[in-house]
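Asks: Sequence first, then the predicted structure, then my questions.
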Amino acid sequence: MNSKNSTMIELAPHNLCTGCTSCANTCPHHAITMQADGEGFLYPAIDRNLCVECGLCTKRCPILLPEQQKNESSPKAFALWSYPDRTVSSSGGAFSAFARSVIKKGGRVWGAAFVGKLKCRHVESDSLDGLAALRGSKYVQSDLGSVFSLIKEELQQGTQVLFCGTPCQVAGLQAYLHKGYDNLLTLDLACHGVPSDAILQAYIKKLSVKKGINIDKFEFRRLNGWGKAPAVEIRGKLCPIYGIDDLYMRAFDRSALFRLSCYSCPYARIPRVGDCTIADFWGIGRHGKPFKQNVLKGVSLVLANNKRQITKKEKKPYRN
Ligand SMILES: Cc1cc2nc3c(=O)[nH]c(=O)nc-3n(C[C@H](O)[C@H](O)[C@H](O)COP(=O)(O)OP(=O)(O)OC[C@H]3O[C@@H](n4cnc5c(N)ncnc54)[C@H](O)[C@@H]3O)c2cc1C
């Protein structure tokens, strides 16, 4: 039976909490677990029997205690397209270009992959082959689980780590770590917003029934390059989904399905939270110099948000 009737600890309000998991990973008493609300979004829940009210969770919350932003207010912008990654990536293959460089140095790369029955989770790879599962935008909130704790262990062992995620996930990781690591590189995505896993699962289930097939593979976009339809695998072949069947992406594009915090996202601005930001380079060539590449094959926008580079010469931490 719960001996405490109330707790002094108050986490970020429901409409602002991004579900970054920093508090759950931080709690030394394992008193915080992430639990789904009615719409399937994960929020921290405190077990009052385990909570000793130390308040550490609130000190590692990027919403309650935002870190002072030290990134550039006018970051340099680059257009990037990476062969052969762009043909298998969401835009120009920027993520793969960074990931290759880290893996070649013996490092580890964290990104979102579909695991099991189309469950989007953050997983790691230390091989170039392993990058395939991480590539591709999954337009749903990924489950971070205890990823931040694992990353901290890797960083403390001196492993080079690349973390790619939504800006709120990057901010959560930074708040959890609470200090800069020379061997960590963060990439934040220009993020439109995230629906919940429950919404995606409900959509996939309806689509399966309508098409009379089991859907084990779903691609949000990749089939034809930019502006493309999502696709499902039917008898080993990827088939695009159009019209009424494409309800999920239509609602996504119209910002109708997002987590509450996405509608007042504090990270959708410059300065950005990650060391670099990656996005689709929509509109390249429309202003200034004409762009001679085929933009329909995908071009990434990369913002270099600070001056740090991963080199052996780097000695000082970039943040405190
Ligand atoms: C939810 C979401 C919304 C986005 N909204 C926009 C937008 O409005 N405008 C825009 O320009 N770009 C947006 N992007 C980014 C864009 O889709 C591409 O991911 C980006 O341009 C990088 O392209 P790439 O070729 O390097 O991608 P890829 O090689 O396809 O790599 C994508 C990277 O994103 C990570 N990732 C994929 N899904 C998720 C997820 N659910 N959560 C966390 N990380 C994930 C992957 O692990 C990988 O590291 C969004 C991405 C996501 C996941």
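Replies: Thanks, I have the structure now.

Asks: residues from this protein in reach of the ligand?
Replies: Residues of the chain found near the ligand, taking CB under 6 Å from any ligand atom as the criterion, are 89-96, 111-112, 120, 134-140, 142, 164-166, 189-192, 194, 278-280, 300. Quick note: C-beta positions are derived from backbone N, CA and C, even for glycine.

Asks: For T21, what are phi and psi?
Replies: As for T21, its main-chain torsions (degrees, to the nearest 10) stand at phi 80, psi 0.

Asks: Just the pLDDT at it, thanks.
Replies: T21 carries a pLDDT value of 98.

Asks: ok, and the closest non-adjacent residue to it?
Replies: L144 (4.5 Å; CB to CB, 6 or more residues apart in numbering).

Asks: show me the contacts for the one you found.
Replies: C20, T21, R121, H122, G165, Q169, G172 (CB atoms under 8 Å, 6 or more residues apart in numbering).

Asks: before we move on, back to that, would you mind giving me the ChimeraX syntax to select the buried ones in the residues of the chain next to the ligand?
Replies: To isolate the buried ones among the residues of the chain next to the ligand in ChimeraX, judged by 16 or more other CB atoms under 10 Å, type:
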select :89,90,91,92,93,94,95,96,111,112,120,134,135,136,137,138,139,140,142,164,165,166,189,191,194,278,279,280,300
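
Asks: Just the residues of the chain next to the ligand: which are in strands?
Replies: Of the residues of the chain next to the ligand, the ones assigned to strands by DSSP state E are G111, A112, C120, C164, G165, L189, I278, A279, D280, S300.

Asks: And those residues, which is closest to A229?
Replies: Proximity of those to A229 was ranked by CB to CB; the top entry is D280 with 15.8 Å.

Asks: about what we covered before: neighbour-wise, which one of the contacts of L144 leads?
Replies: Among the contacts of L144, the one with the most neighbours (other CB atoms under 10 Å) is Q169, at 33 neighbours.

Asks: Now that one: closest residue in space that isn't a chain neighbour?
Replies: Spatially, and ignoring its direct neighbours in sequence, Q169 is nearest to C20 (5.9 Å; CB to CB, 6+ apart).

Asks: Secondary structure element for the one you found, which one?
Replies: Using DSSP states H and E, C20 sits within no helix or strand.

Asks: Over to it: give its phi and psi.
Replies: With angles defined as degrees, to the nearest 10, C20 sits at phi -70, psi -20.

Asks: which two in the ones in strands among the residues of the chain next to the ligand are spaced the farthest apart?
Replies: Checked with CB to CB, these reach their widest spread between C120 and S300, with 20.9 Å between them.

Asks: Can you tell me who the residue nearest the centre of the chain pairs with across the strands?
Replies: Closest residue to the average C-alpha location of the chain: G165 at 2.3 Å, with CA atoms, centre = their mean. Note on G165: beta-bridge partners D188, judged by DSSP bridges.

Asks: got the ones in strands among the residues of the chain next to the ligand as a markdown table, with pLDDT columns?
Replies: A markdown table is the format used below for those (pLDDT from 0 to 100):
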| residue | pLDDT |
| --- | --- |
| G111 | 98 |
| A112 | 98 |
| C120 | 98 |
| C164 | 98 |
| G165 | 98 |
| L189 | 98 |
| I278 | 97 |
| A279 | 96 |
| D280 | 91 |
| S300 | 93 |
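
Asks: out of the residues you listed, who's nearest K205?
Replies: Distance ranking of these against K205, using CB to CB, places C120 first at 15.7 Å.

Asks: Now do the buried residues in the host helix or strand of A202.
Replies: Taking DSSP H and E as the criterion, A202 maps to helix 197-211. Going by neighbour count (16+ other CB under 10 Å), the buried part of helix 197-211 is D197, A198, I199, L200, Y203, I204, L207.

Asks: Can you tell me the closest non-neighbouring residue to the fourth one?
Replies: Meaning L200. Per CB to CB, 6+ apart, closest to L200 is V140, 4.6 Å.

Asks: contacting residues for the closest residue to N15 other than its chain neighbours?
Replies: Distances taken as CB to CB, 6+ apart put L260 closest to N15, at 4.5 Å, once the chain neighbours are dropped. The contact partners of L260, taken as CB under 8 Å, 6+ apart, are H14, N15, L16, F41.

Asks: Next one: the last one from P167, what distance?
Replies: As defined by CB to CB, to the nearest Å, F41 lies at a distance of 17 Å from P167.

Asks: Next: the first one.
Replies: Here the distance between H14 and P167 works out to 20 Å (CB to CB).

Asks: Neighbour count: these two, which is higher?
Replies: More crowded of H14 and P167, by other CB under 10 Å: P167, with 23 against 11.

Asks: Tell me who's in contact with the more buried one.
Replies: So P167 contacts D188, L189, C191, C265, Y267, A268, R272, V273, G274, T277 (CB under 8 Å, 6+ apart).
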